[in-house]
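Peer 1: curious how this folds, go ahead:
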Amino acid sequence: MKFTLPALAAAAAMTAMPVMAQDLVLSIGSRGYGPAVERNIERYTAENPGVSIEWNKVSDVPGETRKLYVTGLTAKSPTPDIYAVDVIWAGEFAQRGWLQPLNGLLDADTIAAFNPSLLDAATVDDEVHALPLYADGIHFFYRTDLLEKYGLAVPQTWEEVLAASQTILDGEGNPQLYGFVSMWAKIEGLFMNWLAFTNANGGGFYDAEGNIAVNSPANIAATQFMVDLLHEHRMAPDSILNARPDDARTLFQQGRAAFLMVQDFVHAPLSADNSPVAGKFDFTRVPYFEGHEDANSTTMGGWFLGINPNSENKEAAADFLASFTAQEQQLAAAVEDNRAPTIPAVYEDPSMGSNEVLAKFGANYDFGVVRPSANSGSKYPRVSEIMQLEITNALHQQKTVEEALNDAQAQLEALMAE
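Peer 2: Residues are numbered from 1 along each chain as shown. Take a look at the predicted model:
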């Protein structure tokens, strides 16, 4: 059985064709995890001849795949048995009963091996509902040639970023050069940016007791720094307010910025042979504010694998899931397919020496933070919309930072009380 779009037709097909015992269906796109999918299936079925795995190659467009899943899960279809979910779907799917809790199917050590920040994104009511398959995240890219030219160390704090930017811009005297570029358009990436800045200052979406605290003093100060970076210090171009990830990458790649903060996918085009900054850049973890050296400032994303609670083969699915995401398989996917592992121990393997870039990404993930999608569940899209709007209001100086975050706080409290 194969899924076909549209989703309603797929749901009917799923409901009409339950799988046989020990026959499993895995749903994941063909690009997301690449050749590792087929490799892992072949290895597992060779080791477990009584089990067959059908790879259902769903769309790599997240919105299309989500609609397909929702239709089938609402209909309580028993297939697919295992399926891939975006990091920000996991909380909603768990709350809706669309993901099987894994704590009773997998041992504690298997679950505990994964990056704890990523596990948080799939943890609802103290139960883990999916395992992280591969990760991505925001990183801080910098021009090595400019730092060397002015005798500057790689900035570790935002205060150092500001000082280094001022030194470079004063020295270069180029009105087309900026200190910092990023993705500050009213998109999901803006919320990810805000989480990076605020967590870097000891703040974040929640307080220590787990209450929404977007208008905390730490968050106000960090957000004000973002505003000042643009309007007072003029370290960023006005176009940053409309910039998406690739827009920011393009400016940096054209040699028009000293520092760039976006997701890790930009490393490949930046380092291409025809890139003007090839050999002239590097990256590090997202900076923190002074006094917050241990801050989790790397906003992370990624994809997970979970089990359909309507599956007729949950134990077999759990065994396959554990095998598919195990350390050995993640190491192979990292070395052979350049997929960032979600088990920290993989980055310590000597074989990772052949992929220094991925190993450095992994070191940054030790300081990871995820979006607040697990606790907000189906309300997360609205949470993100509220935050995007109010952060934008602050950055455009349509509201003071305090007014914007107070308004966000009020809206979020009302939303979560519904």
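
Peer 1: following the longest strand along the chain, which helix or strand comes up?
Peer 2: Counting by DSSP state E, the longest strand found in the chain is strand 131-143. Sequence order places helix 144-149 as the next helix or strand after strand 131-143, per DSSP states H and E.

Peer 1: only alpha carbons, please: show that following helix as CSV.
Peer 2: This file holds the C-alpha atoms of helix 144-149, laid out as CSV (Å, rounded to 0.1, in the frame of the first residue of the first chain):
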residue,chain,number,x,y,z
THR,A,144,37.6,35.0,9.5
ASP,A,145,39.5,37.4,7.2
LEU,A,146,38.0,40.5,8.8
LEU,A,147,38.6,39.3,12.3
GLU,A,148,42.2,38.6,11.4
LYS,A,149,42.6,41.9,9.7
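
Peer 1: what lies in contact with that helix?
Peer 2: 152-154, 164, 168, 171-172, 258, 280-282 (C-beta atoms under 8 Å, 6 or more residues apart in numbering). The C-beta positions use only the backbone N, C-alpha and C, and glycine is treated the same way.

Peer 1: got the buried residues for it?
Peer 2: The neighbour-count check on helix 144-149 (16 or more other C-beta atoms under 10 Å) flags 146-147 as buried.

Peer 1: after it comes which helix or strand?
Peer 2: Next element after helix 144-149 (DSSP H and E): helix 158-172.

Peer 1: buried residues in that next one?
Peer 2: 158, 161-162, 164-165, 167-169.

Peer 1: for it, packing partners?
Peer 2: helix 144-149, strand 178-182, strand 257-263 (3 or more C-beta pairs under 8 Å, 6 or more residues apart in numbering; DSSP states H and E).

Peer 1: what mean pLDDT does the second one have?
Peer 2: Read it as strand 178-182. Mean pLDDT, strand 178-182: 98.

Peer 1: kindly export it (C-alpha atoms) in PDB.
Peer 2: C-alpha atoms of strand 178-182 as PDB (Å, rounded to 0.1, in the frame of the first residue of the first chain):
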ATOM      1  CA  TYR A 178      27.100  45.700   7.700                       C
ATOM      2  CA  GLY A 179      28.000  44.200  11.000                       C
ATOM      3  CA  PHE A 180      25.200  41.700  11.400                       C
ATOM      4  CA  VAL A 181      22.500  40.100   9.200                       C
ATOM      5  CA  SER A 182      19.800  37.600  10.100                       C
END
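
Peer 1: so how far is it off the chain centroid?
Peer 2: Distance of strand 178-182 from its chain centroid, counting by C-alpha atoms, centre = their mean, to the nearest Å, is 22 Å.

Peer 1: strands paired with that strand, and their directions?
Peer 2: Sheet pairing of strand 178-182 (DSSP bridges) gives strand 257-263 (parallel).

Peer 1: the strand it pairs with: what's the following helix or strand?
Peer 2: In N-to-C order, the element after strand 257-263 by DSSP H and E is helix 267-270.

Peer 1: kindly report the domain assignment for the chain.
Peer 2: 7-136+300-369, 137-299+373-417 (automatic domain parsing).

Peer 1: mind checking the end-to-end distance for the longest one?
Peer 2: Domain 137-299+373-417 has its terminal residues 31 Å apart, counting by C-alpha to C-alpha, to the nearest Å.

Peer 1: give me the distance from that domain to the chain's centre.
Peer 2: Using C-alpha atoms, centre = their mean, the offset of domain 137-299+373-417 from its chain centre is 15 Å.

Peer 1: isn't residue 120 right up against residue 370?
Peer 2: Yes. Assessed by C-beta atoms under 8 Å, residue 120 is found in contact with residue 370 at 5.7 Å.

Peer 1: all set, thanks.
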